[in-house]
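[1] Using only what follows, build the 3D model:
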Amino acid sequence: MHRLPKLAGKKTLITGASRGIGAAIARVFAEEGADVAFCHVDDPEGAASVVADVQRLGQRGFAFQCDIGDAAAARAFYAEAEAALGQVDILVNNAGVSEEVPVQNIKLERFDWMINVHLRATFVLSQLAYVGMKARGFGRIINISSNLAYKGAPGLAHYSAAKAGVVGFTRAFAQEAAPYGVLVNSIAPGPVDTRINDTLSDEWKAWKAGSLPLKRIGKPEDIAPTALLLASAGGDFYVGQTLHPNGGDVMP
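    Next up is the predicted model:
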């Protein structure tokens, strides 16, 4: 018996999907029948690879280069994505940046940069997507937070604060949106081997892996199934939740 894809006919917008967690989510969504639009920063080769994979799976793919932390650029991306694929059914706010700086040395413009990419972009795109989702009575918004929203880390106060803001926004927005058929949830991954962690030493990564019950750092493919759950019918009773695929790093 042929199984109907879980996201058949859906239009998905993902921020930061030319590599890492975003790319893994894009591929899983395409495998399940969704068209995928995504943005990236200065990664044309990665973007082309993801678009090619989406198309190989029989779906439409669209890539757009922009700084998602710039509100005007985020709005332009959204408009171009809808023009290319149609009205957005599923939004995944995934784009992220990181740097390790002690609080006393964080410049205000770097704090703003961290907030803009993680929290303000999540707000801007969620607000845009919600208009159409609410009118149609269906939508799924998935915000990527972090386990550091719960535990913090030295040198990552601005990152942790931004990700904690994503969790708070998710909880509040979910209560407004759910009565209209729009479900808003978030995912707080643990340590995952992506380019955002390139500044970390191999010794640190080995130490971190040894500290986890699973004894390994996560892969982007470990996170994507959680996004698929929240985007599909299996997630229909999740409202304002934060799911924690983290290898046991945090047990909230």
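
[2] how about stretch 213-226: buried residues?
    Residues of stretch 213-226 classed as buried: 217, 218, 220, 222, 223, 224, 226 (neighbour count, 16 or more other C-beta atoms under 10 Å). Backbone N, C-alpha and C define where each C-beta goes, glycine included.

[3] Dump these into TSV; add distance to residue 172, secondary structure and pLDDT as well.
    Shown next, in TSV, are these (distance: C-beta to C-beta, whole Å; DSSP: H, G, I helix; E, B strand; the rest coil; pLDDT from 0 to 100):
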residue	distance to residue 172	secondary structure	pLDDT
217	32	coil	88
218	28	strand	91
220	28	helix	96
222	28	helix	97
223	24	helix	97
224	26	helix	98
226	21	helix	98
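
[4] Listing request: residues of the stretch 1-150 of the chain with sub-threshold pLDDT.
    1 (pLDDT under 70).

[5] just so I have it, where are all the strands in it?
    Along the stretch 1-150 of the chain, counting by DSSP state E, counting those that start in this stretch, strands occupy 11-14, 35-40, 61-65, 90-93, 139-144.

[6] Closest to residue 35 out of the buried residues of stretch 213-226?
    Nearest to residue 35, judged by C-beta to C-beta, of the buried residues of stretch 213-226 is residue 224 at 16.7 Å.

[7] how close does that closest one get to residue 115?
    Remark: distance between residue 224 and residue 115 (C-beta to C-beta, to the nearest Å) = 26 Å.

[8] mind listing the helices in the stretch 101-250 of the chain by residue range?
    Remark: helices assigned in the stretch 101-250 of the chain by DSSP state H, counting those that start in this stretch are 108-115, 121-136, 148-151, 157-177, 202-211, 220-231.

[9] buried stuff in the shortest one?
    When burial is assessed from 16+ other C-beta under 10 Å, helix 148-151 yields the following buried residues: 148, 149, 150.

[10] How about the last one, nearest residue that isn't a chain neighbour?
    What that stands for is residue 150. Excluding the flanking residues, the one nearest residue 150 by C-beta to C-beta, 6 or more residues apart in numbering is residue 250, at 5.1 Å.

[11] Surely that neighbour is in contact with residue 147?
    Yes: Residue 250 lies in contact with residue 147 (C-beta atoms under 8 Å); the separation is 4.5 Å.

[12] And those two? Which one has more around it.
    Shown here are residue 250 and residue 147; by other C-beta atoms under 10 Å, residue 147 has more neighbours (23 against 15).

[13] For stretch 124-144, which residues meet the burial criterion?
    124-126, 128-130, 132-134, 139-144.

[14] who touches it?
    Identification of contacts with stretch 124-144 by C-beta atoms under 8 Å, 6 or more residues apart in numbering yields 13, 15, 21, 68, 71, 74-75, 78, 87-94, 96, 122, 166, 169-170, 173, 177, 180-187, 189, 227, 230-231, 235.

[15] Switch the helices of the stretch 101-250 of the chain over to JSON lines; also include distance to residue 63.
    Shown next, in JSON lines, are the helices of the stretch 101-250 of the chain (distance: least, C-beta to C-beta, whole Å):
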{"stretch": "helix 108-115", "distance to residue 63": "23"}
{"stretch": "helix 121-136", "distance to residue 63": "16"}
{"stretch": "helix 148-151", "distance to residue 63": "28"}
{"stretch": "helix 157-177", "distance to residue 63": "24"}
{"stretch": "helix 202-211", "distance to residue 63": "29"}
{"stretch": "helix 220-231", "distance to residue 63": "17"}
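
[16] Perfect, that will be all.
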